[in-house]
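In: dropping the sequence and predicted coords here.
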Amino acid sequence: MISFAAEILVQIGLVVSDSAPQFVLEFSEHESRTCVLPKQGGDTVFEDILDLLGDVIRSGMLAVEAQRNKGGATLLVVQSSSIVGFATSSSTAGERVFVRVHPKVGTGRMLELAVLAEMLPNWKLGGADISPSIEEALLEWTLGAFDEGLRRLLLKGGLRNTHERIRAELKNRVRGRLLPGPWLRNVAKGKPNVLPAEFPSLEFDNPANRLLRWAIHVGIVVAQSMPRTKGIAERLRQKDRQFAGVMLAKPRAPLLNMNGLPTNLRHYAESLSLARQVIDSVRLGIRPGEVEAMSIAIDMNDVYERAFFNGLMTHQPQASRHETWKIHYSAAVPVEEGKHARSTEMIPDVWIQGTQGRLPIVVDTKWKNLLFKRGPVDLGDLLSAEETKTIKLRPEDLYQATAYAVEALQRRLADGHLCDGCVAALVYPITRPIPDYGREIQLGPFRIIIRIVAWNVTAPPLVEIGKIWERLNILATGVSLGTRSTDG
């Protein structure tokens with residue numbers, strides 16, 4: 001027996017499963033689905049749907065809203081965002097739904113981009129095939145990286161003891177500092193020989209080792225539940241034997257501060273960071289071996305932007321990311337100095353200073369499509385949805401690129417630099433090779449070169465980013481814009 005809310009969600013693709021979790025809902029990145037809510041009790045059903053999908057909505061993977069159509073019917077609209085991955089959500093009535101949002105690119109390429117963006121641990125599967133399932137791929141990657149981090153930890157410096165402050169009740173002796181309050185309570189109970197004390201001790205059962213052991217335990221439970229990661233489960237079991245004597249208990253929040261590690265634990269940093277990823281991704285159930293919820297979500301907007309910048313840095317180390325440009329305004333009529341002054345900010349994704357013979361370059365990355373249609377005359381897109389699998393370019397993106405170029409030109413001139421113009425590039429993902437597009441704006445002696453640049457995200461990222469930099473560098477060094485590039 002399923003709830004009425006679940007019956008409504010079946011209309012937009014909810015699958016009822018014979019095993020836990022009870023429901024599965026799959027979306028692609030930036031996908032929207034609608035269905036009609038019933039006239040009677042529609043508000044109640046909508047609230048129940050929000051309750052069932054609440055954890056996924058809070059993660060940002062899905063957005064749910066109710067809309068009225070022209071006929072007066074209430075529509076349920078469920079939209080996925082740029083955040084991909086998977087999450088489990090539970091209603092207050094106990095129903096559970098597993099939501100999976102697939103990336104526009106394959107899981108292998110998504111993992112490669114996420115590693116380049118430094119949003120996943122830098123680790124390689126050693127030539128093994130990557131699961132096409134988003135949750136298996138992300139968990140396999142995370143657990144495999146954690147296992148490899150533990151291996152390096154044990155080889156590099158091994159497990160260490162740390163100096164801890166221990167509280168214990170000692171009989172007929174005192175060590176360290178006597179705790180008067182607890183001891184007086186023992187005296188009142190007729191146990192004056194039981195002496196509570198606090199003292200320093202070199203302990204193997206310390207917070208760092210407890211965190212690692214709990215992450216190993218979580219990793220084993222998860223790896224056992226997935227067919228492709230059973231080998232990782234066995235390797236983690238072998239490493240767990242190294243932690244004999246360390247208490248197995250869920251660590252209390254907040255987790256260990258990575259910046260405050262003692263000197264003898266510095267080699268722990270990588271493994272502890274990966275352990276926190278494992279713990280944050282999985283919530284175990286009450287029963288032994290039960291996985292109550294798993295969630296790993298990655299915002300592809302961030303992945304795309306960071307991956308492009310990190311890849312560009314290998315070709316142009318002078319590039320800067322998210323440099324803040326203060327834009328100051330003042331009142332149009334004379335007023336007392338300092339009054340009515342206003343300012344705003346421009347924060348381009350990438351800024352590359354101009355040099356002798358090369359124009360400055362400003363870049364904004366867009367996880368969107370290239371061109372779109374508007375108006376009564378349909379002239380057709382230069383790129384179809386089938387070619388790109390992404391959403392479409394907005395005119396405001398072109399306004400933004402032009403504003404960046406004008407401001408960059410103004411800043412260069414204000415700083416006293418001789419400058420002939422500026423290159424402003426909008427970098428968009430595509431899934432098959434297409435040419436770049438652009439225009440040149442002549443402002444007196446200055447040139448503003450606007451370029452719409454295609455990044456083929458199905459190809460190796462560093463190679464493609466290198467091609468993009470080569471094209472931008474040619475533009476910035478004065479080559480005519482008249483020749484279109486045909487590189488993907």
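Out: Structure's in. What do you need? Residues are numbered from 1 along each chain as shown.
In: which elements pack onto the helix or strand harbouring Val427?
Out: Element membership for Val427 (DSSP states H and E) is strand 421-430. When contacts are defined as 3 or more Cβ pairs under 8 Å, 6 or more residues apart in numbering; DSSP states H and E, strand 421-430 packs onto strand 361-365, helix 385-388, helix 395-414, strand 446-456, helix 461-476. Quick note: C-beta positions are derived from backbone N, CA and C, even for glycine.
In: okay, and the helix or strand of this structure with the least pLDDT?
Out: One helix or strand of the chain scores below all others by mean pLDDT, DSSP states H and E: helix 385-388, with a mean of 54.
In: what about the closest residue to Ala403 other than its chain neighbours, neighbour count?
Out: Closest residue to Ala403 apart from its sequence neighbours, by Cβ to Cβ, 6 or more residues apart in numbering: Met346 at 7.2 Å. Residues near Met346, counting by other Cβ atoms under 10 Å, number 17.
In: ok, the spatially most central residue of the chain - contacts?
Out: Among the residues of the chain, Ile298 comes closest to the average C-alpha position under Cα atoms, centre = their mean, at 3.3 Å. When contacts are counted by Cβ atoms under 8 Å, 6 or more residues apart in numbering, Ile298 touches 83-85, 110, 114, 119-120, 138.
In: cutoff 7 Å now
Out: 83-85, 114, 119 (Cβ atoms under 7 Å, 6 or more residues apart in numbering).
In: those in strands, which ones?
Out: Those of these mapping onto strands are 83-85, per DSSP state E.
In: now tabulate those in a markdown table and tack on pLDDT, distance to Leu443 and neighbour count.
Out: Shown next, in a markdown table, are the ones in strands among the contacts of Ile298 (pLDDT from 0 to 100; distance: Cβ to Cβ, whole Å; neighbours: other Cβ atoms under 10 Å):
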| residue | pLDDT | distance to Leu443 | neighbour count |
| --- | --- | --- | --- |
| Ile83 | 90 | 40 | 20 |
| Val84 | 89 | 41 | 28 |
| Gly85 | 87 | 45 | 24 |
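In: just name the closest of the residues you listed to Asp415, please.
Out: Ile83 (39.2 Å; Cβ to Cβ).
In: any idea how far that closest one is from His30?
Out: 10 Å (Cβ to Cβ, to the nearest Å).
In: with Ser82 instead?
Out: From Ser82 to His30 the distance is 7 Å (Cβ to Cβ).
In: now Ser80
Out: Applying Cβ to Cβ to Ser80 and His30 gives a distance of 6 Å.
In: ramachandran coordinates for Asp436?
Out: Reported as degrees, to the nearest 10, the phi and psi values for Asp436 are phi -80, psi 160.
In: I'd assumed Ile450 was in contact with it.
Out: No: judged on Cβ atoms under 7 Å, Asp436 makes no contact with Ile450 at a distance of 10.8 Å.
In: mind listing what's buried in stretch 77-87?
Out: For stretch 77-87, the neighbour count (16 or more other Cβ atoms under 10 Å) marks 78, 80-87 as buried.
In: go on, stretch 306-315?
Out: Result for stretch 306-315 [16+ other Cβ under 10 Å]: buried residues 306-312, 315.
In: over to stretch 344-352?
Out: In stretch 344-352, counting by 16+ other Cβ under 10 Å, buried: 346, 348-352.
In: what of stretch 410-423?
Out: In stretch 410-423, counting by 16+ other Cβ under 10 Å, buried: 411-412, 419, 421-423.
In: ok, residues contacting it?
Out: 325, 354, 359-362, 405, 408-409, 446-449, 451, 472, 475-476.
In: take the buried residues of stretch 344-352 and keep only those in strands.
Out: 346, 350-352.
In: could you dump the residues you listed into CSV and include distance to Val194 and pLDDT?
Out: Formatted as CSV, these follow (distance: Cβ to Cβ, whole Å; pLDDT from 0 to 100):
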residue, distance to Val194, pLDDT
Met346, 68, 93
Val350, 66, 96
Trp351, 68, 95
Ile352, 71, 94
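In: tell me the two of these that are most distant?
Out: Across those, no pair lies farther apart than Met346 and Ile352, at 15.3 Å, counting by Cβ to Cβ.
In: quick one on the thing from earlier: which one of the ones in strands among the contacts of Ile298 sits closest to His102?
Out: Nearest member of the ones in strands among the contacts of Ile298 to His102, counting by Cβ to Cβ, is Val84, at 6.5 Å.
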